[in-house]
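below are the sequence and a predicted model; questions follow.
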Amino acid sequence: MPIKIYRPVTKGRRISSVQDFSDITRFKPEKSLTLSKKEMAGRSGGKITVRHRGAGHKTLVRVIDFIRDKFDIPAKVTTIEYDPNRGARISLLVYKDGEKRYMITPDGMKVGDTVVSSKTQADITTGNRLPLEKLPVGVIVHSVELQPGKGGQLARGAGNSVQIMAVEGSYATLKLPSGEIRNVPKICMATIGTVSNPDWRLVRWGKAGRMRHRGIRPTVRGKAMNPVDHPHGGGEGKHPIGLPYAKTKWGKHAMGVKTRKKHKGSNALIVTRRGGKPLTK
């Protein structure tokens, strides 16, 4: 997906860019595979748990099949569609028995291609889904399961991919997009190829109005507030925060804080942390 830049007739347009939707074959979704989206505005139980969320354009949720458990039944790609809830494109699959399902589109897939999901054997081609143990070392995959039968969880964002480094014993060693190297049970399923729309990260939104359509509200800097509202607040003019480290609105560390639990069960499966950092016991 290339990025389009228009003639800068306004200040907002000068620094913004948009997606090129030339790869989209249908804009209206399959009605039977959509759900209404309830606006939560970052609230849980009526309390704001995620700030700066709300408003946004009305959208429908596309029901994506991350499991693809119709094994050994070929499916034809009939459309490539835009999904407002994700950066990647989605494809409508029509199986030989007539059932329709959505899947995340791999990069390079076209309308008319045939894909299949199998636990035993299938061609090593883009879009096919196989267990990690059935794939050759070095192949690029996405939508990888962490637990067998749970559905794809790793590398589902636009342009993401996972590389199979080795398959030994009961586990396959994967290199994740973050640089982390970890073990995953080799019977977990994965889809061959890279997620579509890799240029998604290059879009420059340009102005606040486009962000409001995405459901993102304005964010006020802490140093622009009063001392009663934020630890960074107070002072005259554009002053420094006056603290040894940045804090959140509630006085906790704002940057560089580990949020992963120290004794999480899956820590034993991590071979190398992202960034090559050592594992902490």
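Structure's in. What do you need?

first vs last residue of stretch 260-274, how far apart are they?
Using CA to CA, to the nearest Å, one end of stretch 260-274 lies 13 Å from the other.

kindly report the same for stretch 254-269.
End-to-end distance (CA to CA), stretch 254-269: 28 Å.

tell me the buried residues in that stretch?
Buried residues in stretch 254-269, counted by 16 or more other CB atoms under 10 Å: residue 254. Any C-beta I mention is one placed from the backbone N, CA and C, and that applies to glycine too.

neighbouring contacts of it?
146, 171, 182-184, 245-248, 279-280 (CB atoms under 8 Å, 6 or more residues apart in numbering).

nearest to residue 41, of the residues you listed?
Of all those, residue 41 sits closest to residue 248, with 20.1 Å by CB to CB.

OK, contacts around that closest one?
Counted by CB under 8 Å, 6+ apart, residue 248 has contacts 231, 254.

now swap in residue 102 and tell me
30, 33, 62-65, 90-93.

got it, and residue 181?
Applying CB under 8 Å, 6+ apart, the residues near residue 181 are 165, 173-175, 270-272.

distance of it relative to residue 130?
21 Å (CB to CB, to the nearest Å).

if we look at the longest helix along the chain, which residues are touching it?
In the chain, with assignment by DSSP state H, the single longest helix is helix 208-213. Residues outside helix 208-213 that contact it (CB under 8 Å, 6+ apart): 12, 16, 55-57, 205, 218.

report the buried members of those.
Here, 16+ other CB under 10 Å leaves 16, 56, 205 buried among the contacts of helix 208-213.

ok, residue 207 touching residue 18?
No. Using CB atoms under 8 Å, residue 207 is not in contact with residue 18; the gap is 12.0 Å.

re the thing from before, make JSON lines out of the contacts of stretch 254-269 and add pLDDT and distance to residue 103.
As requested, the contacts of stretch 254-269 are arranged in JSON lines below (pLDDT from 0 to 100; distance: CB to CB, whole Å):
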{"residue": "146", "pLDDT": "94", "distance to residue 103": "18"}
{"residue": "171", "pLDDT": "94", "distance to residue 103": "26"}
{"residue": "182", "pLDDT": "94", "distance to residue 103": "24"}
{"residue": "183", "pLDDT": "94", "distance to residue 103": "26"}
{"residue": "184", "pLDDT": "94", "distance to residue 103": "20"}
{"residue": "245", "pLDDT": "92", "distance to residue 103": "44"}
{"residue": "246", "pLDDT": "94", "distance to residue 103": "41"}
{"residue": "247", "pLDDT": "94", "distance to residue 103": "43"}
{"residue": "248", "pLDDT": "92", "distance to residue 103": "38"}
{"residue": "279", "pLDDT": "64", "distance to residue 103": "35"}
{"residue": "280", "pLDDT": "59", "distance to residue 103": "37"}
